[in-house]
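[1] Using only what follows, build the 3D model:
(one chain, ligands or ions: 1)
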Amino acid sequence: MRRPELDRTFALWFSSHRYSRRLHKTVRRLVPDSDVRFLLSESGSGKGAAFVTAVAYRLSEQHRLIDATLAEFKLTHEQLLQVKKRMRIEIEAGLRKKSHDHAKVKMLPTFVRSTPDGTENGDFLALDLGGTNFRVLLVKIRSGKRRMVEMHNKIYAIPIEVMQGTGEELFDHIVSCISDFLDYMGIKGARLPLGFTFSFPCKQTSLDAGILLNWTKGFKATDCEGEDVVNLLREGIKRREEFDLDIVAVVNDTVGTMMTCAYEDPNCEIGLIVGTGSNACYMEEMRNIEMVEGDQGRMCVNMEWGAFGDNGCLDDIRTIYDKAVDDFSLNSGKQRYEKMISGMYLGEIVRNILIDFTKRGFLFRGQISEALKTRSIFETKFLSQIER
Ligand code: GLC
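    Presented below is the predicted three-dimensional model:
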């Protein structure tokens, strides 16, 4: 077998040609299988110092350019304060009646008026749609002295063709997963109350009605936007003619998250998700929520802050990579803040940086491989693994 480490070009400096020929012969005899070449170095030792300097110069220039590019991802304290100020402006626009319709951060009322107080009791079904997987859960909540929550759940995949097919196909799939779960738990005849965690922006008029405003995060099933997703689920259940459920609530994942933690600690009044997408909710004073009648008490507001920046207010901190990821996404121009920070997009941002650095000759000897050109090939989980 050839030993590739012996495929070497030798740089030689000789004071006499006699030695040169002899060395040539000797080396070839010693490593006959190897590809050995000799280059004659002219005033090499002196010129070399210039080359060492030139290489160092080139590399430090490269490092400077790399650092300058990556520095755009680190916001200064002043920039962060700016972002905070702009977020506040957008929040107020979303809460006010006169600006709500045009606001990008929608500040959607959830009709959740209080957090749990520990007296909750019963068996409930829950669905969780909108992350990487679809989950069906049975949650048994017991109040009183021996407060406890018992949970059983099963995870189901949502194939991409279902995510991006018709609404009917999507909801039929969901209902078939529920059917499987009810069989699995042996509770098909029970007609339990159900809460539907549906992690997309919904305009709610009550706890059990939510009109999907627009899909986010790679979902694009047809005939759902503008529809009440609780109705779509009810219709799916009816089509199957196999079981019945009492759908009581549709909640955003931020709200579900807040409620779960509030059960442990009543001071918890903010829910924050940095997952496939990013969003937050919090308990707001009713008098500040102009979209809902009444000034008394409080209500949880689903901010839908993923859309922060959709009016261009974050353009000065969006990098060319953020813009490229946005341009090639299913919903370009939408969810700009989310696309800058959340799990569905971080890997793509890194891939775009790698491509640019390769084009600029900083990486992979300037050769962009087919793999690197493949969209979504660099998963966010790789980034987490590298960071870890
Ligand atoms: C997206 C959805 C939002 C959800 C968030 C986190 O931003 O629009 O409803 O809360 O992702 O899953």
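[2] Going by proximity to the ligand, name the top residue of the stretch 51-200 of the chain.
    S199 (4.0 Å; CB to the nearest ligand atom). (C-beta placed from N, C-alpha, C; glycine too.)
[3] Tell me who's in contact with that residue.
    S199 makes contact with 128-131, 217, 252-254, 273, 277, 279, according to CB atoms under 8 Å, 6 or more residues apart in numbering.
[4] Would you mind listing which of those are buried?
    With burial judged by 16 or more other CB atoms under 10 Å, the buried subset of these is 128-131, 217, 252-254, 273, 277, 279.
[5] and those residues, which of them are in strands?
    Those of the buried ones among the contacts of S199 mapping onto strands are 128-129, 273, 279, per DSSP state E.
[6] Could you check how many residues crowd around the nearest residue to V175 once chain neighbours are set aside?
    Computed as CB to CB, 6 or more residues apart in numbering, the closest residue to V175 that is not its neighbour in sequence is G236, at 4.2 Å. The number of residues packed near G236 is 20, by other CB atoms under 10 Å.
[7] for S20, same thing?
    Residues near S20, counting by other CB under 10 Å: 15.
[8] What separation do you get for it and L129?
    Computed as CB to CB, to the nearest Å, the S20 to L129 distance reads 76 Å.
[9] for N311, same thing?
    From N311 to L129 the distance is 28 Å (CB to CB).
[10] returning to what we had before: quick one: distance of the helix or strand containing the residue nearest to V175 to the chain centre.
    If you go by DSSP states H and E, G236 is part of helix 229-240. How far helix 229-240 lies from its chain's middle: 29 Å, per CA atoms, centre = their mean, to the nearest Å.
[11] next one: stretch 360-373
    25 Å.
[12] What residues sit buried inside that stretch?
    Those would be 362-363, for stretch 360-373 by 16+ other CB under 10 Å.
[13] who touches it?
    Under CB under 8 Å, 6+ apart, the answer for stretch 360-373 is 62, 65-66, 351, 354-355, 357-359, 377.
[14] Mind giving me the ChimeraX select for those, buried ones only?
    For the buried members of these, the matching ChimeraX selection, counting by 16+ other CB under 10 Å, is:
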select :351,354,355,357,358
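[15] count of neighbours near M258?
    27.
[16] packing partners for the helix or strand where it lies?
    Using DSSP H and E, the element containing M258 is helix 253-264. Contact here means 3 or more CB pairs under 8 Å, 6 or more residues apart in numbering; DSSP states H and E; on that basis helix 253-264 packs against strand 193-198, strand 270-274, strand 278-285, strand 298-302.
[17] Is the longest one positioned near the ligand?
    Yes - applying CB under 6 Å from any ligand atom, one finds that strand 278-285 is in contact with the ligand at 278-279.
[18] Compute the inter-axis angle for that strand and strand 270-274.
    Regarding strand 278-285 and strand 270-274, their directions subtend 170 degrees when assessed with axes from the mean of the first three to the mean of the last three CA atoms, to 10 degrees.
[19] same thing with the last one?
    Regarding strand 298-302 and strand 270-274, their directions subtend 10 degrees when assessed with the same axes, to 10 degrees.
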